[in-house]
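Q: Sequence and predicted structure, then a few things I'm wondering about:
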Amino acid sequence: MADLFQDEVRAEAREQPSADAPLADRLRPASLDEVVGQEHLTGPDGAIGRMVAAGKLASTILWGPPGTGKTSIARLLADAVGLRFVALSAVFSGVADLKRVFAEARTAAKAGQRTLLFVDEIHRFNRSQQDGFLPYVEDGTITLVGATTENPSFELNAALLSRTQVLILHRLDEEALGELLSRAEALEGTPLPLTAEARDALIASADGDGRFVLNQAETLLGMGIDQPLDPAGLAQLLQRRLAVYDKDREGHYNLISALHKSIRGSDPQAALYYLARMLVAGEEPLFVLRRLIRASVEDIGLADPHALVQCIAAKDAYDFLGSPEGELAIVQACLYLATAPKSNAAYAAQKAAWRSAKDTGSLMPPQNILNAPTRLMKDIGYGKGYAYDHDADDGFSGANYWPDEMDPLTFYHPVNRGFEAKVAERLAFWDEKRRERQKQD
């Protein structure tokens, strides 16, 4: 199957698509300056533009969403610098296919013909398969151009990344998608049967994917529609595209990060938007709730102790109601967190206390606060001189609770916001009481 894929791609590189080929294939750019939406790479000052101008192509990873031109750019790069073009799909290829391609590339190199190996979905190769590219990239047998929709930092070996440069392709904006539709209309010799508003709706539904918008345009042009469709008519005719969102990949982490930071930044509108993005795309609500609970203790804490209560209540409400009714409880918790006073004092205190615990090892607490359940322990001083705070004025003895080998430390610094402002007043009161006791002693 890999051989068939290679043969097809090589044929495409040599010949123009047939008249009955899909519209997206017939509109493939013939040169790099025809690629839309990636001018930051293909322009004169872009990385690709500079490499082509110099006639030297480095091994590269093209990282971007679906339908942004990764395959077209790879093919055009080979043409621009005069390299033999070979393509593989990591979905259909294995070690035997790679060995065969490398052997062919070495034979071609001896004849003076260098090879550009394009690997689609390169992140689907496992770690050992990725390692197999290294010697051939290093000795120049191949110039590797890999395409991936996933974050290379997570999906590709560090060794392979160190030998390539990562170029980021942008999702196509409205102007780029509109240009593709205009090219489709020019090629077919007829306008799309859409009102201006429906055309905008079609572009918005593509979610930055050029291949998708061209496939939809081809469907519309082939239906023989007499009157232009409005947005409602278009929605009835074409299935709306769902946002790209892989729950176990980078889109998952990008949106949950955006949600958390919007809450931290006290922007309830943005927080609600990212919450909706995740739940509409099919994210597991309990995953979102876990992050909301984390945000309640990391970014709000004692500035509003009810934040954690709200999140736990939202979890219980969702468990009880399920979807979609229970999602309203998640919305309420999200809005509560975003509008609550913020403090990371508990979070910072935890980190500082954990560092101190690791540094000080196994120091014993002072003997006066140790229990003495046996006579021997009483005889050696355990519990001797313990001050029972409830017997002291104001319910506060001011005793020392730190190991004798340590000076008291301060981990927790409450902020002057929300309930934590009252906590700060209380701590200041107790600090003053301690100082008074120290003067008396």
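A: On my side now, so go ahead.

Q: how about the helices in the stretch 251-400 of the chain?
A: 268-280, 285-295, 306-321, 327-339, 345-360, 375-379 (DSSP state H, counting those that start in this stretch).

Q: can you list these in TSV and add mean pLDDT and distance to Phe411?
A: (C-beta placed from N, C-alpha, C; glycine too.) Below are the helices of the stretch 251-400 of the chain laid out as TSV (pLDDT from 0 to 100; distance: least, C-beta to C-beta, whole Å):
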stretch	mean pLDDT	distance to Phe411
helix 268-280	93	29
helix 285-295	94	20
helix 306-321	96	20
helix 327-339	97	24
helix 345-360	92	4
helix 375-379	85	30
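
Q: With respect to Gly210, which of these lies nearest?
A: Evaluated over the helices of the stretch 251-400 of the chain, closeness to Gly210 peaks at helix 268-280, with 21.7 Å, by C-beta to C-beta.

Q: How about that closest one, which residues are buried there?
A: Of the residues in helix 268-280, those with enough neighbours to count as buried (16 or more other C-beta atoms under 10 Å) are Pro268, Ala270, Ala271, Leu272, Tyr274, Leu275, Arg277, Met278, Leu279.

Q: One more: stretch 190-206?
A: Leu192, Pro193, Leu194, Thr195, Ala198, Arg199, Ala201, Leu202, Ile203, Ser205, Ala206.

Q: neighbours around Leu328, how many?
A: 13 (other C-beta atoms under 10 Å).

Q: ugh, typo on my part, it should be Glu188
A: Glu188, neighbours per other C-beta under 10 Å, totals 16.

Q: which residues touch the closest residue to it other than its chain neighbours?
A: Sequence neighbours aside, Leu221 is the residue nearest to Glu188 in space, at 5.4 Å (criterion: C-beta to C-beta, 6 or more residues apart in numbering). By C-beta atoms under 8 Å, 6 or more residues apart in numbering, the residues touching Leu221 are Leu23, Ala184, Glu188, Thr190, Leu192, Pro193.

Q: swap the cut-off to 10 Å and go again
A: For Leu221, the contact set (C-beta atoms under 10 Å, 6 or more residues apart in numbering) comprises Leu23, Ala184, Glu185, Leu187, Glu188, Gly189, Thr190, Pro191, Leu192, Pro193.

Q: Now, those residues that are in helices?
A: Leu23, Ala184, Glu185, Leu187, Glu188 (DSSP state H).

Q: Turn those into JSON lines, columns for pLDDT and distance to Pro66.
A: Formatted as JSON lines, those follow (pLDDT from 0 to 100; distance: C-beta to C-beta, whole Å):
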{"residue": "Leu23", "pLDDT": "91", "distance to Pro66": "17"}
{"residue": "Ala184", "pLDDT": "94", "distance to Pro66": "18"}
{"residue": "Glu185", "pLDDT": "94", "distance to Pro66": "23"}
{"residue": "Leu187", "pLDDT": "93", "distance to Pro66": "22"}
{"residue": "Glu188", "pLDDT": "92", "distance to Pro66": "23"}
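
Q: Okay, strands next: where are they in the stretch 1-150 of the chain?
A: 60-63, 84-89, 115-120, 142-148 (DSSP state E, counting those that start in this stretch).

Q: Each with direction, which strands does the shortest one pair with?
A: Right, strand 60-63. strand 142-148 (parallel), strand 165-168 (parallel) (DSSP bridges).

Q: Quick check: the two most widely separated of the ones in helices among the contacts of Leu221?
A: By the measure C-beta to C-beta, Leu23 and Glu185 form the most distant pair in those, at 10.6 Å.

Q: Give me whichever of the strands paired with strand 60-63 is most buried.
A: Here the criterion is mean neighbour count by mean count of other C-beta atoms under 10 Å, and of those the winner is strand 142-148, at a mean of 25.

Q: Just list what the helix or strand just after it packs against, helices and strands only.
A: Note on strand 142-148: by DSSP states H and E, the next helix or strand toward the C-terminus is helix 152-155. Judged by 3 or more C-beta pairs under 10 Å, 6 or more residues apart in numbering; DSSP states H and E, the packing partners of helix 152-155 are strand 60-63, helix 158-162, strand 165-168, helix 250-264.

Q: try 7 Å this time
A: Helices and strands touching helix 152-155, as assessed by 3 or more C-beta pairs under 7 Å, 6 or more residues apart in numbering; DSSP states H and E, are absent.

Q: List the contacts of it.
A: Here helix 152-155 makes contact (C-beta atoms under 7 Å, 6 or more residues apart in numbering) with Ile61, Trp63, His123, Thr148, Leu161, Val166, Glu250.

Q: What of stretch 30-46?
A: 29, 47-49, 52, 68-69, 72-73, 76, 80, 167, 169-170, 172-173, 176, 179-180.

Q: Restrict that stretch to CA atoms and write it as PDB.
A: Coordinates of each C-alpha in stretch 30-46 appear next as PDB, following Å, rounded to 0.1, in the frame of the first residue of the first chain:
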ATOM      1  CA  ALA A  30       1.800  25.500  -9.100                       C
ATOM      2  CA  SER A  31       4.400  27.600  -7.300                       C
ATOM      3  CA  LEU A  32       5.200  28.800  -3.800                       C
ATOM      4  CA  ASP A  33       3.900  32.300  -4.400                       C
ATOM      5  CA  GLU A  34       0.400  30.800  -5.100                       C
ATOM      6  CA  VAL A  35       0.200  29.300  -1.600                       C
ATOM      7  CA  VAL A  36      -2.400  31.300   0.400                       C
ATOM      8  CA  GLY A  37      -2.300  32.100   4.000                       C
ATOM      9  CA  GLN A  38       1.400  31.200   4.700                       C
ATOM     10  CA  GLU A  39       3.200  34.300   3.400                       C
ATOM     11  CA  HIS A  40       5.100  34.500   6.700                       C
ATOM     12  CA  LEU A  41       7.000  31.400   5.500                       C
ATOM     13  CA  THR A  42       6.800  31.600   1.700                       C
ATOM     14  CA  GLY A  43       7.400  35.300   1.300                       C
ATOM     15  CA  PRO A  44      10.900  36.700   0.500                       C
ATOM     16  CA  ASP A  45      11.600  37.300   4.200                       C
ATOM     17  CA  GLY A  46      10.100  34.000   5.300                       C
END
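
Q: picking that back up, mind putting the ones in helices among the contacts of Leu221 into a markdown table with distance to Leu289?
A: A markdown table is the format used below for the ones in helices among the contacts of Leu221 (distance: C-beta to C-beta, whole Å):
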| residue | distance to Leu289 |
| --- | --- |
| Leu23 | 44 |
| Ala184 | 44 |
| Glu185 | 47 |
| Leu187 | 49 |
| Glu188 | 49 |
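
Q: Please report how far Ser89 lies from Pro135.
A: Using C-beta to C-beta, to the nearest Å, one gets 22 Å for the distance from Ser89 to Pro135.
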